[in-house]
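A.B. asks: Any chance you can model this:
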Amino acid sequence: MTEVASHIVWRRGRWSLRLARRGVMASAGLALALVALMGASLCLGDYSLNLGQVWQAVFGDGDGAFVVTTLRAPRILTGAFAGACFGLSGAMLQSLARNPLASPDLLGFTQGAGLGAVATIVLVGSGDWVTAGAVGGGLLAAALVGLLSWRGGFRIWRVVLVGIGVGFTFWAGIDLLMTRGDIFEAAAATQWLTGSLNSRLWSHVAVSGIGLAVLGPVALGLGRSLDHLGLGEDTAAGLGVRVGAVRIATAITAVLLAAVAVSACGPVAFVALVAGPLGRRIAGGPGPALGPAALIGAALLVAADLSGRTVVAPMQLPAGLFTALLGAPYLLWLLAIQIRKGTL
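C.D. replies: Next up is the predicted model:
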């Protein structure tokens with residue numbers, strides 16, 4: 001391992017890995033903050049526990065075993081994994097488009113995944129097919145946005161406007177399905193659409209965790225190419241980047257990440273929009289900062305769920321409500337900035 005002023009370089013034979021020192025420190029700090037939030041979420045609630053009781057519940061058979069292992073741990077882990085998927089998806093799309101408005105919830109991808117999942121819940125029933133429905137809906141939305149916004153090339157303002165229109169269309173489809181389902185199917189879909197982590201099971205942990213484990217390394221592997229694309233397509237091609245292949249792989253990976261997250265916890269708003277810019281600001285580099293973005297997405301969703309359980313206890317509010325309270329003012333500020341720059 002070699003250390004320089006601003007980077008850490010690992011070398012092993014012909015292979016080497018170069019990491020920005022500030023990015024590594026930022027990721028370590030964010031990981032510690034995420035662990036602290038998860039610990040607080042395990043302890044706090046209607047049935048309060050201390051760290052010793054949580055430890056006994058996890059590794060023994062303490063009084064709070066049911067609360068920790070059945071009620072809280074699945075929702076916390078689902079929130080962390082799904083939030084990381086949202087964060088990665090948003091950061092990849094924003095880096096690909098070189099615009100902070102390129103987020104899956106603004107481009108209609110989240111709504112497409114939501115329509116696919118609701119259609120599965122209403123027509124087939126909740127179960128293992130929800131993830132497949134969400135993935136199919138997300139890919140359909142991405143294909144529609146791409147086809148409708150292509151005019152000899154992509155302009156970000158056109159993609160955003162088309163994405164908003166496609167998103168509203170898919171929301172109309174969701175409303176139609178809700179009116180055609182029976183009361184129990186509609187109730188299940190309504191709870192899921194609020195972006196709530198309530199009643200999450202270990203099956204949701206498995207879906208979000210496996211999705212992140214499979215797609216996360218792919219996303220991180222594309223990070224260097226995305227960094228080069230930020231220098232311009234010609235420069236990136238000169239550095240050996242296969243621009244077309246990287247664009248397609250990035251778009252597909254980002255859509256799949258968003259669909260996995262939506263299938264696990266519903267279409268939680270603004271996490272994907274906020275995580276990428278915050279990650280780049282904290283990491284301090286020009287690249288996509290995918291690692292910090294994933295950690296910020298996880299921390300935001302876990303913190304939103306914790307707030308929903310404790311702010312107005314004993315009533316529980318959905319995590320999506322708190323992410324909307326944070327994200328809506330940020331979106332308005334971001335739109336004002338883009339209009340002032342003349343990019344919208």
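A.B. asks: Now do the buried residues in stretch 39-49.
C.D. replies: Applying a neighbour-count criterion of 16 or more other Cβ atoms under 10 Å, one finds 41-43, 45, 49 buried in stretch 39-49. For glycine as for every other residue, the C-beta is placed from the backbone atoms N, C-alpha and C.
A.B. asks: do the same with stretch 144-164
C.D. replies: Buried, per 16+ other Cβ under 10 Å, within stretch 144-164: 144-145, 148-149, 156, 159-160, 162-163.
A.B. asks: and the residue lying closest to I282 once chain neighbours are set aside, how many neighbours?
C.D. replies: Leaving aside its chain neighbours, I282 sits nearest to A26 (4.7 Å; criterion: Cβ to Cβ, 6 or more residues apart in numbering). Residues lying near A26 (other Cβ atoms under 10 Å) number 22.
A.B. asks: Could you do L71 as well?
C.D. replies: Neighbours of L71 under the rule other Cβ under 10 Å: 17.
A.B. asks: quick one, what contacts A102?
C.D. replies: Applying Cβ atoms under 8 Å, 6 or more residues apart in numbering to A102 gives the contacts 93-94, 96, 156, 159-160.
A.B. asks: re earlier: so how far is the helix or strand the residue nearest to I282 falls within from its chain's centroid?
C.D. replies: For A26, the element it lies in under DSSP states H and E is helix 21-43. Distance of helix 21-43 from its chain centroid, counting by Cα atoms, centre = their mean, to the nearest Å, is 17 Å.
A.B. asks: just stretch 87-100 next, same as before
C.D. replies: Chain-centre distance of stretch 87-100: 11 Å, with Cα atoms, centre = their mean.
A.B. asks: related to what we said a few turns ago, as a markdown table, the buried residues of stretch 39-49 with pLDDT would be great.
C.D. replies: A markdown table is the format used below for the buried residues of stretch 39-49 (pLDDT from 0 to 100):
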| residue | pLDDT |
| --- | --- |
| S41 | 93 |
| L42 | 91 |
| C43 | 90 |
| G45 | 83 |
| L49 | 85 |
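A.B. asks: can you give me the helices for the stretch 1-150 of the chain?
C.D. replies: With DSSP state H, counting those that start in this stretch, the ranges of helices along the stretch 1-150 of the chain come out as 21-43, 51-59, 65-66, 73-97, 109-123, 129-149.
A.B. asks: Of all the ones you listed, which one comes closest to T190?
C.D. replies: Taking Cβ to Cβ, helix 109-123 is the member of those nearest to T190, at 9.5 Å.
A.B. asks: Dump that closest one to PDB, restricted to CA.
C.D. replies: Output of helix 109-123 as PDB, limited to C-alpha atoms (Å, rounded to 0.1, in the frame of the first residue of the first chain):
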ATOM      1  CA  PHE A 109     -38.700   4.800 -13.200                       C
ATOM      2  CA  THR A 110     -39.900   4.500  -9.600                       C
ATOM      3  CA  GLN A 111     -43.500   5.000 -10.700                       C
ATOM      4  CA  GLY A 112     -43.100   2.300 -13.300                       C
ATOM      5  CA  ALA A 113     -41.800  -0.100 -10.700                       C
ATOM      6  CA  GLY A 114     -44.700   0.900  -8.500                       C
ATOM      7  CA  LEU A 115     -47.200   0.100 -11.200                       C
ATOM      8  CA  GLY A 116     -45.600  -3.300 -11.800                       C
ATOM      9  CA  ALA A 117     -45.600  -4.100  -8.100                       C
ATOM     10  CA  VAL A 118     -49.200  -3.000  -7.600                       C
ATOM     11  CA  ALA A 119     -50.400  -4.900 -10.600                       C
ATOM     12  CA  THR A 120     -48.800  -8.000  -9.100                       C
ATOM     13  CA  ILE A 121     -50.400  -7.400  -5.700                       C
ATOM     14  CA  VAL A 122     -53.800  -6.900  -7.200                       C
ATOM     15  CA  LEU A 123     -53.800  -9.500 -10.000                       C
END
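A.B. asks: Alright, that wraps it up for me.
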